[in-house]
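1. model this:
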Amino acid sequence: MSTSRSRAQGSITRSVVTVIRRGVLLVQALSSTTTSDYEEHNLVDVQSPVSVSNFIRRGSAPEDATSSPTDIGSNCASEFHTDGILCEEYADSTLLLYEPLDQISLLLHHYFSLVCPISSSFDSSQSPFRSNVLEMMVGSRLLFLCVMNMSASHFHRDDCTSTTPLSFQTEAISEVSTELCKINNSAMVNSGGATIDQTLSLLSLPYPVKDEVLLGIILLGMTSSWHNPSSLGLFHIHGSRQLFEFWTKFQGLDCPSKLIIMTQSQTFLVSSMVYWEVLVSFLVDQLADSLSYLDPFLEIDMIPPSYVCPWTGVGTSVFIYLAKVGSLVRRKRSLTRAMLLNKIKAFEKVAHGNLLGEASLLEDQIRRTKLPRLSSIEDTGDIKAPPIHFLQLAHCYQLSGCLELYRAFPELAKARLESDPAVRISCDGIDRPSQLLLKLAFDILNTLETMPEDSRTIATQTLVFTIAGSVLGKIIVADEGQFTSEQYTFNCSIERWRKFVLQRLSRTYQIIGLRTIQRAMTLLVKVWSRMDRGDIVIDPELRIVDHVHWIDVIEEEGLETLLG
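-> Residues are numbered from 1 along each chain as shown. From the prediction side, this is the model:
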């Protein structure tokens, strides 16, 4: 029975690979077309029967991610029986991964039509989710399973009864363990019972690590929240860090004295790891040096400034610094809570001084980071993601890093205001550090407002909306009749920006369809509610004024999720 199933699975897998191979050829053909050609593909009627391969080529998607599974299944069924590639194999009722082959075709269709456009800040033949991933899928069962995992979790996101997403996720995790055992044949690990971290702990340096293995574990971690918004993929992150270090050594990217310009494939993997670290950094306490392994990639010459990364855009170095900001801010908030609880003074001075020194260095590094010139940024071939959008978003994340540092360390805010008094919102009833935070938040939101709500970069805007939106506090007075006209105007402005943030996140949810975005909206509403109540902790003895912070609220309300 086992042998029969293996033969059948191998036969069906070859058929699936046939479809993928055709997709690769079509993507390669499309890569030589002009932007106008690409736009023409996007105008094809999405209701007409199309093959999976044609969907890959077109690189198109409906306006939002809420298309009916019935409609998708109908198109896919039409393709399935008319394409002529899979019909013979379909006659065999044997299951692959306990799913009919028709389900595989359906999920491939869903991946190329809906998952690719929402998994990246741009979508075209140049997107690594179409080109790199496709090429890897041809020879990698792991990448194929990861794609099925992504597609199934998104396709069944509103169906809690379906076991398909969990089945593919489990198979993919098992395949990762199998691949890791291949890296070190001397490690006698039972992949069925060992975790990824346990498997990696048995490996010794150096070992060649395939791109598809590293990408597979990153995708599994990044999309954990697609299955359950509370899942942060933390059981993947530690193993992926070690695997990433193996990979960088194998690629020769770990030695600063031998700096090279990375290929687009290498940049894709590095930027993917960086983006994942950013999302995790604001949610999990970490040691100070946990992110030091990314330091070599801060070198300006390693990543071509013209290349647009799917998640970090043109600001990969900004994101590395932002990950460090998230980790540092969490350590500062942990220290503040310990001080308020235990009334620690002597230790506080030393610990706070050390953190303040780190924060000051980070602020300087972020502010000195140079973004590429607009004219040097490559066109992605996506009319919904022009170069200006990537430059604007990188600048917004740059401001977000400073905003979080100034909020955690008022000393830095005061020093910044002394050197540049104009960088603030002047209004009675607001302390000076908060005036600086609001100025940065308004600058961020003003920039985001100039970008269309259907910009493809919305895929990576949730975190920046959360950071900027979480400082939108109103002026509070005992009697509303005591408001000055200036304060009333200010509160009206705050209310407008709050509505804008929720409207944009709501639109993002309509397009992307992931519950993580709903959580971001709920989080901000709860943050604003606490602000409006005047929630604040003041300890004159320790000289602490602790305002509402979204990091505390997300934990206290049980809203932890990957905000990207």
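2. which residues touch residue 146?
-> With contacts defined as CB atoms under 8 Å, 6 or more residues apart in numbering, the neighbours of residue 146 are 172, 215, 216, 219, 220. For glycine as for every other residue, the C-beta is placed from the backbone atoms N, C-alpha and C.
3. Grab the two from those residues that are most spread out in space.
-> 172 and 215 (11.7 Å; CB to CB).
4. follow-up on the earlier one: so which of the contacts of residue 146 would you say is closest to residue 288?
-> residue 220 (27.0 Å).
5. Next, count neighbours for that closest one.
-> 24 (other CB atoms under 10 Å).
6. just the one 10 residues further on next, same as before
-> Counted with other CB under 10 Å, the burial measure for residue 230 works out to 15 neighbours.
7. May I have the residues that are in contact with it?
-> 558, 560, 561.
8. Residue 559 versus that one, what's the distance?
-> Distance from residue 230 to residue 559, counting by CB to CB, to the nearest Å: 8 Å.
9. And for residue 123?
-> The value you get for residue 123 to residue 559, if CB to CB is used, is 29 Å.
10. now residue 420
-> In terms of CB to CB, residue 420 sits 35 Å off from residue 559.
11. More neighbours: which of those two?
-> For residue 420 versus residue 559, neighbours defined as other CB under 10 Å are more numerous around residue 559 (19 against 10).
12. Next, the more buried one: secondary structure please.
-> Of the three states, residue 559 takes coil according to DSSP: H, G, I helix; E, B strand; the rest coil.
13. residue contacts, it?
-> Residue 559 sits in contact with 519, 522, 523, 526, 553, where contact means CB under 8 Å, 6+ apart.
14. Just the buried positions in the host helix or strand of residue 498, please.
-> Using DSSP states H and E, residue 498 falls within helix 485-512. For helix 485-512, burial by neighbour count (16 or more other CB atoms under 10 Å) applies to 487, 490-491, 493-494, 497-498, 500-502, 504-505, 508-509, 511-512.
15. do you know how far the closest residue to residue 275 other than its chain neighbours is from residue 225?
-> Closest residue in space to residue 275, ignoring its immediate chain neighbours: residue 311 at 3.7 Å, by CB to CB, 6 or more residues apart in numbering. Per CB to CB, residue 311 is found 14 Å from residue 225.
16. And residue 145, by the same measure?
-> On the measure of CB to CB, residue 145 and residue 225 end up 18 Å apart.
17. Next: residue 214.
-> Applying CB to CB to residue 214 and residue 225 gives a distance of 20 Å.
18. Then residue 393?
-> Counting by CB to CB - residue 393 and residue 225 are separated by 21 Å.
19. now residue 151
-> 15 Å.
20. does residue 243 sit in a helix, a strand or a coil?
-> Relying on three-state DSSP, one would call residue 243 helix.
21. right, I mislabeled it, should have said residue 152
-> helix.
22. so it touches residue 164, yeah?
-> Yes. If you go by CB atoms under 8 Å, residue 152 and residue 164 touch, sitting 4.8 Å apart.
23. And the two? Which one has more around it.
-> residue 152 (27 against 20).
24. Once you drop chain neighbours, what's closest to that one?
-> Excluding the flanking residues, the one nearest residue 152 by CB to CB, 6+ apart is residue 165, at 4.3 Å.
25. same check, this time on residue 389
-> residue 457 (4.9 Å).
26. which ones are touching residue 463?
-> Neighbours of residue 463 in contact, by CB under 8 Å, 6+ apart: 278, 279, 282, 400, 563, 564.
27. now the strand or helix carrying it: how far from the chain's centre is it?
-> In this structure, residue 463 sits in helix 462-469 according to DSSP H and E. Relative to the centre of its chain, helix 462-469 is centred 13 Å away, using CA atoms, centre = their mean, to the nearest Å.
28. quick one: that helix to helix 485-512, angle?
-> Following axes from the mean of the first three to the mean of the last three CA atoms, to 10 degrees, one obtains 170 degrees for the angle between helix 462-469 and helix 485-512.
29. and helix 462-469, what's its mean pLDDT?
-> When pLDDT is averaged over helix 462-469, the result is 98.
30. Same check on stretch 425-442?
-> Computed over stretch 425-442, the average pLDDT equals 88.
31. And stretch 514-532, by the same measure?
-> pLDDT averaged over stretch 514-532 gives 96.
32. Tell me the buried residues in it?
-> 514-521, 523-524, 526-528, 530-531.
33. Please report how far residue 179 lies from residue 246.
-> 12 Å.
34. ugh, wrong one, residue 516
-> 30 Å.
35. Which of the contacts of residue 146 has the largest number of neighbours?
-> Most crowded among these, counting by other CB under 10 Å, is residue 216 at 29 neighbours.
36. Three-state assignment for that residue, please.
-> Going by three-state DSSP: residue 216 is helix.
37. how about it, what does it touch?
-> Residue 216 neighbours (CB under 8 Å, 6+ apart): 140, 142, 143, 145, 146, 172, 175, 176, 179.
38. again, only using 7 Å
-> 142, 143, 146, 172, 176 (CB atoms under 7 Å, 6 or more residues apart in numbering).
39. more neighbours, residue 151 and residue 225?
-> Legend: neighbour count by other CB under 10 Å for residue 151 and residue 225, higher for residue 151 (27 against 23).
40. Any figure for the gap between that one and residue 395?
-> 33 Å.
41. now do residue 176
-> Applying CB to CB to residue 176 and residue 395 gives a distance of 36 Å.
42. So these two - more neighbours on which side?
-> residue 176 (25 against 17).
43. average pLDDT for the strand or helix carrying the more buried one?
-> In the assignment (DSSP H and E), residue 176 maps to helix 164-183. Computed over helix 164-183, the mean pLDDT rounds to 88.
44. Output the contacting helices and strands for it.
-> helix 141-155, helix 196-201, helix 211-222 (3 or more CB pairs under 7 Å, 6 or more residues apart in numbering; DSSP states H and E).
45. Just want the angle from the longest one to helix 485-512.
-> Put plainly, it is helix 141-155. Going by the same axes, to 10 degrees, helix 141-155 makes 120 degrees with helix 485-512.
46. what is the mean pLDDT for helix 141-155?
-> 95.
47. same deal with the second one?
-> The predicted model gives helix 196-201 an average pLDDT of 56.
48. Please apply the same query to the last one.
-> Throughout helix 211-222, pLDDT has a mean value of 94.
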